[in-house]
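**Q** Fold the following and give me the result.
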Amino acid sequence: MNRPLHEPKDKVWQQRLGRTPSDHEIAMGEALDRIFEQGIKDLDGIVERLNELGVASADGAPWTTKSFQEEIAKLG
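**A** From the prediction side, this is the model:
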C-alpha cells in the first residue's frame, strides 16, 4: 500500500477493536449506506437525509453538520 511519508505504518483504521457496534452505530451505518446509494455525498445533504430518515444523533437530537462531524470523528 502506498502511504504518505508522514503517515505512521501502525495507524489503526478500525477504531472499535474488540467491540460490537451499538444499535445506534448499526442504524447510522445502514442509513449512510442508503444515503450514499442515492448519490448524496455532500455534508449538508447527508445531514438533511439522516434527519428525514429519522436517524437521530446519539443524544436523540436532530443532526447538524457539527454534530455529524463530531460523531464521525469519534467513531473513526
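**Q** average model confidence for stretch 41-61?
**A** Stretch 41-61 shows a mean pLDDT of 94 in the predicted model.
**Q** Can you check which helix is longest in this structure?
**A** helix 23-37 (DSSP state H).
**Q** per-residue confidence for A27?
**A** pLDDT, A27: 91.
**Q** for the longest helix of the chain, packing partners?
**A** Where contact means 3 or more C-beta pairs under 8 Å, 6 or more residues apart in numbering; DSSP states H and E, helix 23-37 is packed against helix 43-53. Where you see a C-beta, it was placed from the backbone N, CA and C, and this is true even at glycine.
**Q** what helices or strands is the helix it packs on leaning on?
**A** helix 23-37, helix 65-75.
**Q** Just tell me which of those helices ends up closest to V47.
**A** Distance to V47, taken as C-beta to C-beta, is lowest for helix 65-75 among the helices and strands packed on helix 43-53, at 5.2 Å.
**Q** follow-up on the earlier one: buried residues in the longest helix of the chain?
**A** A27, M28, A31, L32, I35 (16 or more other C-beta atoms under 10 Å).
**Q** And the residues you listed, which is closest to T64?
**A** Closest approach between the buried residues of helix 23-37 and T64, by C-beta to C-beta: M28, at 14.7 Å.
**Q** That closest one contacts V55, doesn't it?
**A** Yes: assessed by C-beta atoms under 8 Å, M28 is found in contact with V55 at 5.9 Å.
**Q** This completes my enquiry, with thanks.
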